[in-house]
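Enquirer: Could you look at this predicted model? Sequence included:
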Amino acid sequence: MRSQAVDRQSAEGQGAPSKSVASAELLDWYDRAARTLPWRTGPAGRAAGERPDPYRVWLSEIMLQQTTVAAVKPYFERFTARWPTVAALAASELDDVLSLWAGLGYYARARNLHKCAGVVARDHDGRFPETEAELLALPGVGPYTAAAVAAIAFDRRAVVVDGNVERVMARLHAVETPLPAAKPELKALAGSLTPDARPGDYAQAAMDLGATICTPTSPACGICPWMERCRARTLGIAADLPRKAPKKVKPVRFGVAYVAVDPAGAVLLRRRPDAGLLGGMLEPPGTDWTEEGPGEAEVDAAAPFPADWRESGLEARHTFTHFHLRLGLRVARVADIAPAEGRFMPRAALEEAALPTVMKKALRLGLSALDGAASEDG
């Protein structure tokens, strides 16, 4: 029986895949197996050399950051139904964009989306620039998005590397350096295979390969177009790659939110500052979120006005990228009052309001506590 060391030497002796042959193999597979996605050109369009709408490519790439295709599809369809062009999006109100974005997370993307649409409409006559350098100058467009739009929308040769592509490259070349340290090497390897012809289709093919065959667990190596080229498969370590550095334990932050309802049933909301987490979104008033949690004096000082605030005993829990949040809730029914900050919003308008998921949780729990108390009093 051959040792793993011998197997490794054999695999490493295979040599790097030929760029032209390897990319042709992947493109042949893509032409047969490409996912049907609402922002893509279909098979007939690709065969005729039709390019997808740059607006739809850009919108989808912004939405797909840190989010899955399944989660993005309904948002993309709602956005494009309401704002079918970049000019239409530029003419919209930011609150409407934030409202339609609510639940998709990473809300700075929505603010930059609106800002970028305005720049394209005003400074570029409603047409997206075609080069990576020009695209990088747009608000909210980073290196990955610039490369993706340049390649997919304009067929410019650009190296497009997302998490799926990193995984494919790590396995194809048996790169055992853990992420994120391996990122530069994986991008260089991806660049070595990116063809001059059909770079946009190639980029989407590599992403599709990672999403549908070279998946994080249980990769379907037996039907992979690069099966014979894959060093990690030969070594029997495909499912172990890419390796990742140990994750830091997420801290827990604590806070308190105030849910107030007026005689008409409207709920008090305020707007968060534009900068920072959940910037520009609506929320019930409350304390800062800290790992120590607010003291009683801070909780009392955070009350939007004097009222018979009741500790609900409920807690809205939510996980952000870098921390877990536990948000205690104090609730009150109040008389007609003009708050110093924020405004009362009718309950019927809450579903369409620019409320992030964590605040929807907080309001749902707080209103449930108030409705339950009202039933008991009745």
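Expert: Great, that's in hand. Keep in mind that what you see is a predicted model, and the values were worked out from it rather than measured.

Enquirer: which residues are contacting the helix or strand hosting residue 363?
Expert: Assigned by DSSP states H and E, residue 363 belongs to helix 357-377. For helix 357-377, contacts defined as CB atoms under 8 Å, 6 or more residues apart in numbering pick out 102-103, 105, 257, 259, 261, 267, 278, 281-284, 310, 312-318, 325, 327, 329, 331-333, 347, 350, 355. C-beta: built from backbone N, CA, C; applies to glycine.

Enquirer: quick one: buried residues of that helix?
Expert: Residues 358-363, 365-367, 369-370 are the ones in helix 357-377 that count as buried (16 or more other CB atoms under 10 Å).

Enquirer: between those residues, which is closest to residue 228?
Expert: residue 358 (47.7 Å; CB to CB).

Enquirer: Check the burial of residue 94 by counting its neighbours.
Expert: For residue 94, the neighbour count with other CB atoms under 10 Å is 16.

Enquirer: so what's the spatially closest residue to it that is not a sequence neighbour up against?
Expert: Distances taken as CB to CB, 6 or more residues apart in numbering place residue 114 nearest to residue 94, at 5.1 Å, with adjacent residues excluded. Shown in contact with residue 114 (CB under 8 Å, 6+ apart): 89-90, 92, 94, 97.

Enquirer: Kindly report the same for residue 101.
Expert: 75, 107, 109-110, 113, 354.

Enquirer: element containing residue 139?
Expert: Taking DSSP H and E as the definition, one finds residue 139 inside no helix or strand.

Enquirer: Likewise for residue 153?
Expert: Using DSSP H and E, residue 153 sits within helix 143-154.

Enquirer: Could you list the residues in contact with that helix?
Expert: Under the criterion CB under 8 Å, 6+ apart, residues 51-54, 57-58, 61-62, 65, 128, 130-133, 135-136, 141, 156-162, 199-200, 202-204 lie in contact with helix 143-154.

Enquirer: Please spell out the ChimeraX selection for the buried subset of those.
Expert: Under the burial definition 16+ other CB under 10 Å, those of the contacts of helix 143-154 that qualify are selected in ChimeraX by:
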select :52,53,54,57,58,61,62,65,128,132,135,141,156,157,158,159,160,161,162,199,200,202,203,204
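
Enquirer: when you check the contacts of helix 143-154 against the helices, which ones overlap?
Expert: Of the contacts of helix 143-154, the ones assigned to helices by DSSP state H are 54, 57-58, 61-62, 132-133, 135-136, 199-200, 202-204.

Enquirer: Which helix or strand lies directly C-terminal to the helix holding residue 153?
Expert: Later in the chain than helix 143-154, the nearest helix or strand by DSSP H and E is helix 163-172.

Enquirer: And that following helix, what's buried?
Expert: Quick answer for helix 163-172 (16+ other CB under 10 Å): 164-172.

Enquirer: Closest one of these to residue 22?
Expert: residue 172 (8.6 Å).

Enquirer: Just the terminal-to-terminal distance for stretch 82-102.
Expert: Using CA to CA, to the nearest Å, the span of stretch 82-102 from its first residue to its last is 15 Å.

Enquirer: just stretch 273-287 next, same as before
Expert: Terminal residues of stretch 273-287 are spaced 14 Å apart (CA to CA).

Enquirer: 863 is where my numbering starts, stick with that
Expert: OK, 863 is where the count begins now, so the last one is stretch 1135-1149.

Enquirer: and for that stretch, what are the contacting residues?
Expert: Outside stretch 1135-1149, the residues that touch it by CB under 8 Å, 6+ apart are 956, 960, 964, 969-970, 973, 1117-1122, 1129-1134, 1156, 1160-1161, 1164-1166, 1182, 1189, 1203-1204, 1207, 1215-1218, 1220-1221, 1224-1225, 1228.

Enquirer: and if you look at stretch 917-932?
Expert: 897, 899-901, 934, 937-938, 941-942, 947-948, 951, 966-968, 971, 974-975, 978, 990, 1002-1003, 1006-1007, 1010-1011, 1014-1015, 1073, 1183.

Enquirer: Do you have the strands of this structure handy? List them.
Expert: 1114-1123, 1129-1133, 1144-1145, 1172-1181, 1186-1195, 1205-1207 (DSSP state E).
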